[in-house]
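predicted coordinates and the sequence they were generated for:
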Amino acid sequence: MVAANVGNRGTTAAQLLRGQKALVTGANSGIGLATAVALGRAGADVVVNYVVGEHEADNVVKEIEGFGVRAYTHEADVSDEDQVTAMVARMVEEFGTIDIMVANAGLQRDAPLTEMTLAQWQEVIDVNLTGQFLCAREAAKEFMRRGVVEKVSRSAGKIICMSSVHQVIPWSGHVNYASSKGGVGMLMQTLAQELAPHRIRVNAVAPGAIRTPINRDAWSTPEAEAELLRLIPYRRVGDPDDIANAVVAMASDLLDYVVGATLYVDGGMTLFPGFATGG
């Protein structure tokens, strides 16, 4: 990888987050995995959270450690308050603090409205929305306790909520998922408003169609991918690294003045491409 100079501090891409401590939830696969690795490549020490898939999480740690930074795994269900509190407390004990919280863990339990059970609704809301609230709350406590350390970052801390294009695009058959991501958008903005005076930056990254296990059926065959590409003006399906790179930038001082924003990384999906010919 060739590192280009960034900004007027002569910082290289591999040093953007040097000395910072990051926690990524749901980091043993898909977008979370790519994000954890990218943060480590940028110089951060990383906690790799998972709820199932210990072996995969261990492999992520090994890859991150290859960049000369520290990493460890932590099993925790982000919808469980006690487990989230213990996870952040352990991180502060192990790494001394936390600088970056990437609230990425999420899931789908799809069904038409009339067939969706309360359990399916509640599980998605608990993980995708309540989980982000709990992670943000515990990180904010440490950010506020510690304050700004100028040699590390211009901010006291960064919270990055993993949202979705379905923060703004309705999605029939996925009312629980779309509702959770709509909630993430307002959660993020409200937290950003409340925490900004403490020099804590809260933002969201909203992926479009990304090649991950959660949506394999949408891109795993040529026919499925062709159908999916009709929704993407840029005419390619995204990769997890597309999201990971956005998270690294959002976590860095390059975007220090970005507060309460959602960065859509979607190949133009939120441009509603049907209106290109049907408006």
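Perfect, I can see it now.

just the CA atoms of the lengthiest strand in the chain, as CSV, please.
Scanning the chain for the longest strand, with DSSP state E as the assignment, gives strand 200-207. The C-alpha coordinates for strand 200-207 follow below in CSV (Å, rounded to 0.1, in the frame of the first residue of the first chain):
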residue,chain,number,x,y,z
ILE,A,200,-17.6,14.3,21.0
ARG,A,201,-18.5,13.7,17.3
VAL,A,202,-21.4,11.5,16.4
ASN,A,203,-22.0,10.5,12.8
ALA,A,204,-23.4,7.6,10.8
VAL,A,205,-22.3,5.7,7.8
ALA,A,206,-25.2,4.3,5.7
PRO,A,207,-24.3,1.4,3.3
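
all strands for the stretch 51-200 of the chain, in order.
For the stretch 51-200 of the chain, the strands defined by DSSP state E, counting those that start in this stretch cover 71-75, 100-103, 157-162, 200-207.

how about CSV for these, with mean pLDDT added?
Listed next are the strands of the stretch 51-200 of the chain as CSV, based on pLDDT from 0 to 100:
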stretch, mean pLDDT
strand 71-75, 98
strand 100-103, 98
strand 157-162, 98
strand 200-207, 98
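
just these: most buried one?
strand 100-103 (a mean of 30; mean count of other C-beta atoms under 10 Å). Backbone N, C-alpha and C define where each C-beta goes, glycine included.

so which residues make contact with that one?
For strand 100-103, the external contacting residues (C-beta atoms under 8 Å, 6 or more residues apart in numbering) are 17, 20-25, 32, 35, 39, 44, 78, 131-132, 135-136, 139, 157-162, 247, 251.

what about Pro213, neighbour count?
By the measure other C-beta atoms under 10 Å, the count of residues near Pro213 is 7.

for this structure, which residues score under the pLDDT cut-off?
In the predicted model of the chain, residues 1-14, 278-279 satisfy pLDDT under 70.
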